[in-house]
Structure formats: C-alpha cells, structure tokens
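Student: I need the structure of the sequence given here:
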Amino acid sequence: MVKEIISNAEEKMKKTVTVLKKDLNTLKAGKANPTMLDRIEVEYYGTMTPINQVANISAPEPRILLIQPWDKGSLKAIEKAILISDLGINPNSDGNVIRLIVPELTEETRRDITKKVKKFGEDAKVAVRSIRRDANDKIKNLKKENTITEDEMKSAEDNVQKKTDAFVKEIDSIISDKEKEVMSL
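Tutor: Numbers count the residues shown, from 1 in each chain. Model prediction:
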C-alpha cells in the first residue's frame, strides 16, 4: 500500500518535470525551434487543431521556421492563428508556405523570457510539493487506520521527502540551464 502511494507520487512528479520541459521548449529563445508552435491551434474545418497536425514545420536555418500546410486552404487559418498567438512574430506567406523569422532577442526580451522560465520552474516546484503533501496525507491516513506502524509512516514520509528533494533539484537544474541558454544566445 505504502509502496504504491510512493510510486504514484514519483510518477506524478516525473510527469510534472516532463510538462516543465515541454513548456520551456515552447518559449521563443532567439533561435527557430518547431516546438515553439506546439501551443498554437488552427481552426481547421470547424475544429481547433494543433498546428503540427495540419502542416509540416521545419527549421531550415537557425532563425527561420518553415510551415508547409498539407492543405493549401488552411494557409490563411494558420497565418491568423500565428498572428493572434502570444508568439509575437508576423508570418510571411508566399501562397504555398509560411516563413516565420525569429528576431534576435534584445536584453529586455531575454530578461522577460528568464522571468517566464523562473515562473515555470516555481509552478513545477509547487506542483511537486503538492504531490508530496497528498502522498503524506495518504500515508498518515494509513497510520490512523492502523494499517501501518509509526515507524513505517516516518520511513515512508522520509522516502517521499527524498524523492521530492531530488525532483526539486532536477527542476532547479533544468531552469538554470534554460536561463543560461536564453542569456547566451
């Protein structure tokens, strides 16, 4: 029972780190990266569809994204979705493909992105700590029901804390690496 609680908590913490990495990849960091467009959805035949499901996205050059729609009729919808997104890049279309030129980052933009990176990191840490709290509550309930002993409860809580500390350390490392990447581009 206790092992299952700890295992579930660890799995949720891993998912939190995965989400953090995915969120960080969507940030505009000065070089073209197809994952920047992952959060953008296009109205495609009346349904909101992720842009990578209606077009091929590539980065032929370090600062250019090339979007090739599979259906030429969706070109305007893709342009519109990019314009209304928080990306801040104007699409250039030649009727067949859309080019996004990722601008060089100014010092102010770098600082803003670094603030976002820190916020993503703090949100991830809060999520991990919340998972820890839930796991500890479940462990305490097992103690109340006399399913486990006091020593088993303390041991399980220590185990959960060690896992929490490890994931917080990993999050700090990911955030630090991303900040260095943003500031060095």
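
Student: name the nearest residue to the residue nearest the centre of the chain, sequence neighbours excluded.
Tutor: The centre of the chain sits closest to residue 23, judged by C-alpha atoms, centre = their mean, with a distance of 1.9 Å. Leaving aside its chain neighbours, residue 23 sits nearest to residue 120 (5.1 Å; criterion: C-beta to C-beta, 6 or more residues apart in numbering). The C-beta positions use only the backbone N, C-alpha and C, and glycine is treated the same way.

Student: so what's the one you found up against?
Tutor: 20, 23-24, 175 (C-beta atoms under 8 Å, 6 or more residues apart in numbering).

Student: where does the closest residue to residue 58 other than its chain neighbours sit: helix, strand or coil?
Tutor: Closest residue to residue 58 apart from its sequence neighbours, by C-beta to C-beta, 6+ apart: residue 66 at 5.0 Å. Assigned with DSSP: H, G, I helix; E, B strand; the rest coil, residue 66 falls in the strand class.

Student: so residue 66 bridges to which residues?
Tutor: residue 58, residue 99 (DSSP bridges).

Student: any idea how many residues pack against it?
Tutor: The tally of other residues near residue 66 (other C-beta atoms under 10 Å) stands at 17.

Student: residue 132 too?
Tutor: 21.

Student: can you tell me the element it falls in?
Tutor: helix 107-144 (DSSP states H and E).

Student: now do the buried residues in that helix.
Tutor: 109-110, 113-114, 116-117, 120-121, 124-125, 127-128, 131-132, 135-136, 138-139, 142-143 (16 or more other C-beta atoms under 10 Å).

Student: what of stretch 166-178?
Tutor: 167-168, 170-171, 174-175, 178.

Student: columns pLDDT on top of those, output as JSON lines?
Tutor: Listed next are those as JSON lines, based on pLDDT from 0 to 100:
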{"residue": "167", "pLDDT": "95"}
{"residue": "168", "pLDDT": "95"}
{"residue": "170", "pLDDT": "95"}
{"residue": "171", "pLDDT": "95"}
{"residue": "174", "pLDDT": "93"}
{"residue": "175", "pLDDT": "95"}
{"residue": "178", "pLDDT": "89"}
